[in-house]
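1. any chance you could fold what I've pasted below:
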Amino acid sequence: MRGRVSLVGLLILGALCGRPGSAVGQTSNRPFGTLREQAATQQRWLEQRMEAYLPALMRKYGIDLWVLPMREYNEDPVFGSIVSPTTFSARRRTIYVFFDRGPSEGVERIALGGTSQGGVFAAVRSTKAVAPTVGGRSAELWGDEQWQVLKQVIEERNPRVIGIDRSRVFAFADGLSSGELEGMSEALGSKWTARFRPAEGLAVDFIASRLPEEEDFYHKLQDLVWQLTQTMFSSKVIVPGTTHTSDLVWWWRQQVNDLGLGTWFQPSVSVQRKGKTEEQLGEDPIIQRGDVLWCDVGITALRLNTDTQHNAYVLRDGESDAPIGIRSALARANRLQDILFEQMTPGRTGNEILVASRAKLSAAGLEGTLYSHPIGMHGHGAGPLIGLWDYQDGVPGRGDHRVIPNMWFSAELQVTSPVQEWDGQKVRMAQEEDFIVGADGKPRWAHAGGRQDRLFLVH
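-> Modelled structure (predicted):
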């Protein structure tokens, strides 16, 4: 797809032109504002998500009271979705409690041992420390008195169902540590522990649900991703015969760092070349004319993540475009993206979407695989998996969760095609493009310009 120069692109263009190995100039550009401005935006999102999604999800899954106990540096995976951007970890022991008082009064939010998170919770603190004997030794357990405060909170509200984060399927819903479960159960007693129920669906869907305002920001973040990938796969950065794939990996890391942003994984860049196998090319090949390039890159900003795979072609002398066989290979991968979109419907499980998509894939005569995943607060996010590269018949458990509106995904997939100009050698077009299942239930690309349907060209 032809790139368009956006406001974000204009802001960062001057910082993107250094060659690998050169000293890239430091930039004060802040494409998404200062840290203080970003925090204000995140705080607003937190408050809105608590009102927009939490009450309905607690009722959907039949949870009257949701309790999330955790200790410093052993936080529940839900933690990042319920705290302010200025909170980086729990303090000693923090217990977050959500109690559904009904449609007219809404969900009560209480933090035992933590702060109010900018007014989102009612903060209640017990600072008394107890020192019981454990194994004949005195052991100070900071905050054990808070279990008694929790017991009082529960007794006053008398919930029928108490949701706890335990799951053998989703890590996002398995944040209750064995120590916290033991301490809480001992303090509450059998009357209340009998009302425990895993809050698996509630935890997963709350983490996954995104606001329209977050979607607006995500479009801007995707625009930045595209500006960076198109610059990386250009003559501004690549010198055929000189540039290694590792140079591009570290170019990406440096650019993202210089923009004051982060990433959640080490980027990957690879080469496909006529007449050469992957083993013959080695781990860090030098890019040559006629190569097909691929990248897998991500950016983290305002606690949200991207995951993108783009492809490029390095023109030979006299060429103005990639050979038609290579362009056709990309078009075939685009067809699999279309098939996936046709099957993305809220209420369907990831496994149902996978089976239907693979049937269409086979009918279209495509040799490919689907391994798409949710994205958002985590790179490999909360929600249903649509295949794994080695699980093409379905993913038990993690593929059985259902798609909901306002959920984001990465359409990660590949199609392998023989290329006539390469004497029938197969070229793998692996693509990954983030997309949004909107409030209306319809999927749409997160990048305003859509998905990559034309190779980036290195002149």
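2. elements contacting the one helix or strand residue 434 maps to?
-> Taking DSSP states H and E as the criterion, residue 434 maps to strand 425-437. If contacts are counted by 3 or more CB pairs under 8 Å, 6 or more residues apart in numbering; DSSP states H and E, strand 425-437 sits against helix 212-232, strand 292-297, strand 308-314, helix 324-343, strand 407-419, strand 443-445. Bear in mind the C-beta positions are built from the backbone N, C-alpha and C, glycine included.
3. and that strand, what's buried?
-> The neighbour-count check on strand 425-437 (16 or more other CB atoms under 10 Å) flags 425, 427-437 as buried.
4. now the angle from it to helix 212-232?
-> Between strand 425-437 and helix 212-232, the angle comes out at 150 degrees (axes from the mean of the first three to the mean of the last three CA atoms, to 10 degrees).
5. how about residue 238: what's its closest non-neighbour residue?
-> Leaving aside its sequence neighbours, residue 238 sits nearest to residue 458 (CB to CB, 6 or more residues apart in numbering; 5.1 Å).
6. which parts of the stretch 151-300 of the chain are strands?
-> In the stretch 151-300 of the chain, the strands defined using DSSP state E, counting those that start in this stretch lie at 162-164, 196-198, 268-272, 292-297, 300-301.
7. turn those strands into a markdown table, columns for distance to residue 282.
-> A markdown table is the format used below for the strands of the stretch 151-300 of the chain (distance: least, CB to CB, whole Å):
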| stretch | distance to residue 282 |
| --- | --- |
| strand 162-164 | 50 |
| strand 196-198 | 48 |
| strand 268-272 | 10 |
| strand 292-297 | 15 |
| strand 300-301 | 30 |
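8. quick one, which of those strands gets closest to residue 360.
-> Among those, strand 292-297 comes nearest to residue 360, with 24.4 Å by CB to CB.
9. strand partners (parallel or antiparallel) of that closest one?
-> strand 268-272 (antiparallel), strand 308-314 (antiparallel) (DSSP bridges).
10. any chance of those strands in TSV, plus distance to residue 84, mean neighbour count and mean pLDDT?
-> TSV is the format used below for the strands paired with strand 292-297 (distance: least, CB to CB, whole Å; neighbours: other CB atoms under 10 Å; pLDDT from 0 to 100):
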stretch	distance to residue 84	mean neighbour count	mean pLDDT
strand 268-272	34	20	98
strand 308-314	29	24	98
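11. in a markdown table: the ones you listed, plus distance to residue 341.
-> Listed next are these as a markdown table, based on distance: least, CB to CB, whole Å:
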| stretch | distance to residue 341 |
| --- | --- |
| strand 268-272 | 25 |
| strand 308-314 | 17 |
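12. low-confidence ranges, the stretch 51-200 of the chain, go.
-> Within the stretch 51-200 of the chain, the segments meeting pLDDT under 70 span 126-143.
13. run the last query once more with 50
-> The model of the stretch 51-200 of the chain has pLDDT under 50 over residues 129-141.
14. chain neighbours aside, what residue packs nearest to residue 325?
-> residue 419 (3.7 Å).
15. OK, contacts around that neighbour?
-> 323, 325-326, 328-329, 425-427 (CB atoms under 8 Å, 6 or more residues apart in numbering).
16. which one of the residues you listed is nearest residue 443?
-> Nearest to residue 443 among the contacts of residue 419: residue 329, at 23.6 Å, using CB to CB.
17. shouldn't that closest one be in contact with residue 431?
-> No: in this structure, residue 329 is not within contact of residue 431 by CB atoms under 8 Å, at 10.8 Å.
18. ok, back up a step: if you tally nearby residues, what's the number for the residue nearest to residue 238?
-> Neighbour count for residue 458, taken as other CB atoms under 10 Å: 22.
19. residue 298 too?
-> Counted with other CB under 10 Å, residues neighbouring residue 298 total 22.
20. that one and residue 415: what is the separation?
-> Separation of residue 298 from residue 415 (CB to CB, to the nearest Å): 22 Å.
21. now do residue 71
-> 47 Å.
22. contacts for stretch 271-285, please.
-> Residues contacting stretch 271-285 (CB under 8 Å, 6+ apart): 244-246, 270, 287-288, 290-294, 421-423, 425, 427-428.
23. quick one: buried ones out of these?
-> Using 16+ other CB under 10 Å, the buried ones in these are 244-245, 270, 287-288, 290-294, 422, 425, 427-428.
24. who touches residue 170 in this structure?
-> Residue 170 neighbours (CB under 8 Å, 6+ apart): 200, 203-204, 382, 397-398, 401.
25. pull the most distant pair out of these.
-> The largest distance within the contacts of residue 170, taken as CB to CB, falls between 203 and 397 and amounts to 14.5 Å.
26. so between the two, which is more surrounded?
-> residue 203 (30 against 14).
27. right, and that one touches residue 172 too?
-> Yes: Residue 203 is within contact range of residue 172, at 5.7 Å (criterion: CB under 8 Å).
28. quick check: neighbours shared by those two?
-> Jointly contacting residue 203 and residue 172 under the rule CB under 8 Å, 6+ apart are 77-78, 382.
29. how much space separates residue 312 from residue 410?
-> Per CB to CB, residue 312 is found 19 Å from residue 410.
30. quote the end-to-end distance of stretch 365-385.
-> Criterion CA to CA, to the nearest Å; first-to-last residue distance in stretch 365-385 is 24 Å.
31. list the buried residues of that stretch.
-> Neighbour-count burial for stretch 365-385 [16+ other CB under 10 Å]: 366, 368-385.
32. which residues are in contact with residue 197?
-> Residue 197 neighbours (CB under 8 Å, 6+ apart): 62-63, 161-164.
33. ok, now with 10 Å
-> 61-64, 160-164, 166 (CB atoms under 10 Å, 6 or more residues apart in numbering).
34. now do the residue nearest to residue 238, the pLDDT please.
-> Per-residue pLDDT puts residue 458 at 98.
35. so where do the helices sit in the chain?
-> 7-12, 35-52, 54-60, 79-82, 145-157, 178-188, 190-193, 200-208, 212-232, 245-258, 278-281, 324-343, 350-363 (DSSP state H).
36. can you redo these as CSV with distance to residue 308?
-> Shown next, in CSV, are the helices of the chain (distance: least, CB to CB, whole Å):
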stretch, distance to residue 308
helix 7-12, 15
helix 35-52, 21
helix 54-60, 29
helix 79-82, 22
helix 145-157, 43
helix 178-188, 37
helix 190-193, 45
helix 200-208, 19
helix 212-232, 5
helix 245-258, 11
helix 278-281, 22
helix 324-343, 13
helix 350-363, 20
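37. could you say which of these is packed most deeply?
-> Mean neighbour count (mean count of other CB atoms under 10 Å) peaks for helix 200-208 among the helices of the chain, with a mean of 25.
38. what's it packed up against?
-> For helix 200-208, the contact count by 3 or more CB pairs under 10 Å, 6 or more residues apart in numbering; DSSP states H and E identifies helix 35-52, helix 54-60, strand 65-71, helix 79-82, strand 162-164, strand 373-374, strand 407-419 as packing neighbours.
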